[in-house]
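>>> Build the 3D model from these lines:
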Amino acid sequence: MSRLQIAPSVLAADFAALGEAVRQAEEAGADLIHVDVMDGRFVPNITIGIPVVAALRRVTTLPLDVHLMIVEPERYLDAFVEAGASILTVHPEATIHLHRTLDRIRALGAKAGVALDPSTSEESLRYVLALTDLVLVMSVNPGFGGQRFIPAVLPKITRVRAMLDEAGREAAWLAVDGGITAETAPAVVRAGADVLVAGSAIFRAPEGVRAAIRRLRGAVG
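The predicted model follows:
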């Protein structure tokens, strides 16, 4: 497994001071900034879009890990990459032609990711592994932050890691998002994850962003 990476999710940050929140996360040693884009159709919530990604690109040098929880994400790939997205992650259920969508993301110069909801089988990855740079296993149902971790996804994380390794995609990242805390992270990492996406545990931690990131890293050794 590659070095553990921490990806603070700005969904839990103060949107009135988003730039400052991202700067704090970068200074605290975050590896990526996770940006949740929701359209109110694929998930029952609406968040942020292309202009905010462009604004975040101006305040951080970290890779922007943009999670597209939107219907027909292929319509917006060019615009998100132009805005500064480093990684674009899509859901198999949201795009009819997953292979074509991942191929386009990579052609634009970004890393291509596939997100798996708790009830989505890892078999949806089978024929696109060669185009997948990141798999995002959702450990909550997508749409809202602050939810409780679903332990039933742990075996899926292990199976996804095995699929990637068997396909010669050892360098692909395996991220887990949802209910990630210092208490849940150790089991997630043992299962095979190398990217932890955490929102509330970082941006809403009473001890502050720097201490929260340190605590999360410390929890997994």
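>>> Now do the same for the residue lying closest to residue 191 once chain neighbours are set aside: helix, strand or coil?
Closest residue in space to residue 191, ignoring its immediate chain neighbours: residue 157 at 3.9 Å, by CB to CB, 6 or more residues apart in numbering. Quick note: C-beta positions are derived from backbone N, CA and C, even for glycine. Under the three-state scheme (DSSP: H, G, I helix; E, B strand; the rest coil), residue 157 adopts helix.
>>> so residue 11, which of the three states?
Going by three-state DSSP: residue 11 is helix.
>>> Please tell me the pLDDT value assigned to it.
pLDDT recorded at residue 11 is 94.
>>> and if you look at residue 147?
At residue 147, the model reports a pLDDT of 77.
>>> I'd say it and residue 178 touch.
Yes. Proximity of residue 147 to residue 178 meets the contact threshold set by CB atoms under 8 Å, at 6.0 Å.
>>> which of those two has more neighbours?
residue 178 (27 against 16; other CB atoms under 10 Å).
>>> since we're on the closest residue to the more buried one other than its chain neighbours, how many residues are nearby?
Nearest residue to residue 178, sequence neighbours excluded (CB to CB, 6+ apart): residue 140, at 3.1 Å. Other residues near residue 140 come to 19 when the count uses other CB under 10 Å.
>>> And for residue 74?
18.
>>> Then the one 3 residues further on?
Each residue near residue 77 was counted by other CB under 10 Å, and the total is 22.
>>> Make 289 the first number, not 1, from now on.
That works, and once the first residue is 289, the last one we named lands at residue 365.
>>> need the contact list for it.
Neighbouring residues of residue 365 by CB atoms under 8 Å, 6 or more residues apart in numbering: 376, 389, 392-393, 396.
>>> how about 10 Å then?
356, 373, 376, 378, 383, 389-390, 392-393, 395-396, 398, 400 (CB atoms under 10 Å, 6 or more residues apart in numbering).
>>> on that earlier part again, in this structure the residue nearest to residue 479 contacts residue 480, no?
Yes. With contact defined as CB atoms under 10 Å, residue 445 reaches residue 480; the gap is 5.2 Å.
>>> buried ones in stretch 367-377?
Under the neighbour-count criterion of 16 or more other CB atoms under 10 Å, stretch 367-377 has 368-369, 371-377 buried.
>>> With pLDDT added, can I get these in a markdown table?
Converted to a markdown table, these look like this (pLDDT from 0 to 100):
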| residue | pLDDT |
| --- | --- |
| 368 | 98 |
| 369 | 98 |
| 371 | 98 |
| 372 | 98 |
| 373 | 98 |
| 374 | 98 |
| 375 | 98 |
| 376 | 98 |
| 377 | 98 |
